[in-house]
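J.: For reference, the sequence and a predicted model appear below.
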Amino acid sequence: MDVLAKTLIAGALGLAAGLWSAESALRLSRGAETTRIGAWSTAAKAGTPEADPYTRDTIERSGEIPLAPGEGLQLVARVDDSGTALNPHCVYRIGRKVPAARFWTIGVVDRRGFPIPNPAQRLVFRSSEILRDSDGGFAIAVSASAHAGNWLPIGVSEPFYLVLRLYDTPFSATATAIDKDALPRIVRESCR
Amino acid sequence: MKRAAATMRRTVIDIATIVLGAALTAGLVHIVAILIIPFYASNDAFARLSNLGPIDATIMLPEAGSPAARLFPNLDPAVAAAFCRYDLTDGPVRVKAPVARYEFSSLSFHTRRGQIYYALTDRAATQNALEALVVTDKQLRAMSAHDSEDETPLELRIVSATNQGFVLMRAFSQEPSLLAEAQERVRALKCQPEPQPQPR
């Protein structure tokens, strides 16, 4: 086989493999520099010039407008406290506290980051409206069927993630400083 | 027999060379693709915002959960947002946003490439408003030449690395019924072009 043919074959294969790997890396990854704290993860540098190229590309392609470090911090949970993927057939209990912030919200989103519409029209709980216990702690039930107290409805079979957004928080630039125990716990209670 | 073995060995070497070359090319292509995507992404946030209205106009971001909001993932349903796009080619842009007491509002400044280069919250407000002048590096130098040497200028001047970009205002609603009020607050965001500063 002559050198030209070999070069052409290697080049074509390499081009295809390179493009495919770049595409799948962006489709599967959520940025290289995500910080994981317990069940929660965050790309604190998203949107800033310090963001890594994968995080930057993911943001560009999704159209997301991330929170600036000075505004707040967004954390996403795709698993529960035991590390098992969140399952729409289960009931989860979330609580009882969040890191220091002036306001916060906890909501349910689908895999692409959009709220899941529900008849109860409950997309998020705000720190300013949530029912609290006498000690100031709170508990949210996440399930497809109705629950007393703070209830975040999910679809019967649609996969979901939990999103915690902290506004005006001292942790927005130093997400790694958040203690695992300061974040809400996500405990699976029962499954259908 | 000997000849067959030699041909076989040549074939193995050929394949090995091709695989090695392909792997090297793939690595290079992967890195280059990842690095140049931001410069060719034609459907990034700025492009999507451009379809919603003209430059300098204050435009509400669609409400999270509505069909129009499918363009922008990870919007908080508890937060109202409005934006204006700017173009500094013909002069700086003055951004003004009234804020309410005890309510969270924020401004974030984004380059054409989607990088946030500045942000401030209602805590930085003076006289119940956030105000800033978005300028290019060149405009800042022209303006500084006119500044008095004894006093520091009172206004906040923010340098945008790109001529185009956008400013986003967010306002938090403390109750679902207060979302309309938060929307009113972000609707008051104003972006006004100013005359080009002349160098001295």
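T.: Perfect, I can see it now.
J.: could you list every residue that touches A:Thr35?
T.: A:41-44, A:175-176 (CB atoms under 8 Å, 6 or more residues apart in numbering or on different chains). C-beta here means a position set from N, CA and C on the backbone, and glycine is covered the same way.
J.: Return the member of those residues nearest to chain B.
T.: For the contacts of A:Thr35, the residue nearest chain B by CB to the nearest CB is A:Ala43; the value is 10.8 Å.
J.: And the pLDDT for the closest one?
T.: Note for A:Ala43: predicted pLDDT of 84.
J.: Can you pull the domain assignment for chain A?
T.: A:1-30, A:34-191 (automatic domain parsing).
J.: My read is that B:Asn74 contacts A:Arg111, right?
T.: No - using CB atoms under 8 Å as the test, B:Asn74 is too far from A:Arg111 to be in contact (11.8 Å).
J.: The two: which is more packed in?
T.: B:Asn74 (22 against 11; other CB atoms under 10 Å in any protein chain shown).
J.: Look up the closest residue to the more buried one, ignoring the ones flanking it.
T.: A:Gly113 (4.1 Å; CB to CB, 6 or more residues apart in numbering or on different chains).
J.: hang on, the earlier thing: contacting chain B as well, which ones from the contacts of A:Thr35?
T.: Among the contacts of A:Thr35, not one lies near chain B by CB under 8 Å from any CB of the partner chain.
J.: Take those residues and keep only those in strands.
T.: A:41-42 (DSSP state E).
J.: Sketch out the low-pLDDT regions of chain B for me.
T.: B:1 (pLDDT under 70).
J.: where along it do the strands fall?
T.: Assigned by DSSP E, chain B shows strands spanning B:59-60, B:79-87, B:93-98, B:105-111, B:116-121, B:129-135, B:157-159, B:164-172, B:190-193.
J.: Can you check which of these gets nearest to chain A?
T.: Comparing the strands of chain B under CB to the nearest CB, the one sitting nearest is strand B:116-121, at 3.4 Å.
J.: Just the CA trace of the closest one, in PDB.
T.: Output of strand B:116-121 as PDB, limited to C-alpha atoms (Å, rounded to 0.1, in the frame of the first residue of the first chain):
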ATOM      1  CA  ILE B 116     -20.200  36.900  32.000                       C
ATOM      2  CA  TYR B 117     -17.800  39.700  32.700                       C
ATOM      3  CA  TYR B 118     -19.600  41.600  35.400                       C
ATOM      4  CA  ALA B 119     -22.500  41.200  37.800                       C
ATOM      5  CA  LEU B 120     -24.100  43.200  40.600                       C
ATOM      6  CA  THR B 121     -27.000  42.800  42.900                       C
END
